[in-house]
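Q: Okay, here's the prediction I keep looking at, along with the sequence it came from:
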Amino acid sequence: MTMKTSSSKEMMFLHGIRSLAIIWIVVCHSYTTFWQVPVFNAQYYFEWIKSISAMFILSGAMGVDTFFLMSSMLLTLSVFRELDKTSSTLNFCQEYWWTTLLYIGNHVNPGQLCFGHSWYLQVDMQLYFLSPIILYPLWRFRKYLKVMVPLILLVASSSVIYMYLIFYWNGFRVTLFDEQGLMRDQLTYYATQARIDSWMMGILTGYILYTLEGKIVKFSRSFLTVAWILCLIGILGVIIGQYPLHQENYTKNSIHADASYSAFRRISWCLSVSWIIIACHQNHGGIAKKFLSLSIWLPISKLSYCIYLIHLPIQLVFLSSHRVPQYFTDLRVLHNSLGDFGLALIVAFGWALMFEYPSIRLMKIFLERK
């Protein structure tokens, strides 16, 4: 294993990962919102849920975990670099609006969020506030790599244990047919403690990238081959692994199967994405890095936050406009997805110009004066 200097800190491939994640989320939500209207062919819908192709749509939630990973990874890099410098130098809204403003809605009345997808902002903010507890000791004792990495994995395992026990104790099932779906989502989807593994994997990735800044590590061809194969197995395992859990006879499956899949799917996904990031950063990404670094991803990536905020309200507006039952097909929903994403992209651009970019500029001015 050899190293050579690399001065570039720009990681263009992250734009591709971020763009694909938000597109996946929008498509997933196009399907889930479509299911909220009456359909003529309800039986086809239930058959579709049990298909292999449906697994790729239902796994769209992994796009959110990708955001958690990237958020904590970039936070880790930013904090460590600053420390280096320092050391060297609507009805529901009327009643529960305050829970959204205080970023606690995912714990206080989680079933009555002002916006269904606002839970992500609240979990992200809560983990952001807790991050210094992890980041400063990690930076302070950064030379002890062999000790710090197992500690990060130990903290991440708390989320794995939590997910397994919650599924096992409550008898939750992965399938959308589960009658306890609402309670399951409140305890295992919106809960902060359920996302610790994704967040910690981001911190671990950021920690590794920080230790490798200015260096390129040369791996053997056999190591890279095995690593990429394991990465693909991890990704496909998360997507396809849920297939037997969505079948009509799901009650015959052991509850341990549902609990195990739910406990390990996020950390497995994040480990795979982490490898993609590290490999691309170290110039071992090959065609994957070239694809993810295409300039076409840049505008989508820059607007991804606003797209996330805007897309679901747009989808719900169109959902509310239906006056007759719809006909469910993949082609129809994918067609809707393209329209949802295109309109969300346009509205997000205006939203960013009016709110996001001015806010970022004001914050920069404030921090520079300080």
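A: Received, thanks.
Q: Ile216 should be in a strand, yeah?
A: Yes - counting by DSSP: H, G, I helix; E, B strand; the rest coil, Ile216 is part of a strand.
Q: what's across from it in the sheet?
A: Lys4 (DSSP bridges).
Q: isn't it right next to His281, touching?
A: No - taking contacts as CB atoms under 8 Å, Ile216 lies outside contact range of His281: 9.1 Å. For glycine as for every other residue, the C-beta is placed from the backbone atoms N, C-alpha and C.
Q: Looking at those two, which one has more neighbours?
A: Comparing Ile216 with His281 by other CB atoms under 10 Å, the one with more neighbours is His281, at 23 against 14.
Q: The more buried one: what's it in contact with?
A: His281 makes contacts with 11, 13, 209, 212, as judged by CB atoms under 8 Å, 6 or more residues apart in numbering.
Q: Distance-wise, check the third one relative to Pro132.
A: According to CB to CB, to the nearest Å, Leu209 stands 19 Å off from Pro132.
Q: more crowded one of those two?
A: Between Leu209 and Pro132, counting by other CB under 10 Å, Leu209 is the more crowded of the two (21 against 10).
Q: For the closest residue to Gln180 other than its chain neighbours, which three-state class applies?
A: Leaving aside its chain neighbours, Gln180 sits nearest to Phe172 (5.9 Å; criterion: CB to CB, 6 or more residues apart in numbering). Secondary structure, three-state DSSP: Phe172 is coil.
Q: residues contacting Phe172?
A: So Phe172 contacts 166, 178, 180, 183-184, 187-188, 258-259, 262 (CB under 8 Å, 6+ apart).
Q: 7 Å instead, please
A: Going by CB atoms under 7 Å, 6 or more residues apart in numbering, Phe172 touches 166, 178, 180, 184, 258.
Q: show me where pLDDT drops low in the stretch 51-200 of the chain?
A: Within the stretch 51-200 of the chain, the stretches with pLDDT under 70 are 86-116.
Q: can you give me the helices for it?
A: For the stretch 51-200 of the chain, applying DSSP state H, counting those that start in this stretch gives helices covering 52-58, 62-88, 91-101, 119-140, 145-170, 181-188, 196-211.
Q: if we can go back for a sec, quick one, phi psi at the residue nearest to Gln180?
A: phi -70, psi 150 (degrees, to the nearest 10).
Q: Distance of Leu138 relative to Ile296?
A: 35 Å.
Q: what's the burial count for the residue lying closest to Pro38 once chain neighbours are set aside?
A: Spatially, and ignoring its direct neighbours in sequence, Pro38 is nearest to Pro325 (4.0 Å; CB to CB, 6+ apart). Residues contacting Pro325 under the criterion other CB under 10 Å number 12.
Q: How much space separates Pro325 from Ser260?
A: Distance from Pro325 to Ser260, by CB to CB: 38 Å.
Q: What number of residues are in the vicinity of Glu47?
A: Glu47 has 12 nearby residues by other CB under 10 Å.
Q: wait, what's in contact with it?
A: Applying CB under 7 Å, 6+ apart, no residues contact Glu47.
Q: Now it. Its backbone dihedrals?
A: phi -70, psi -40.
Q: ok, the nearest residue to Tyr210 once chain neighbours are set aside - how many residues close by?
A: Nearest residue to Tyr210, sequence neighbours excluded (CB to CB, 6+ apart): Phe80, at 4.8 Å. Phe80: 21 surrounding residues under other CB under 10 Å.
Q: That'll do, ta.
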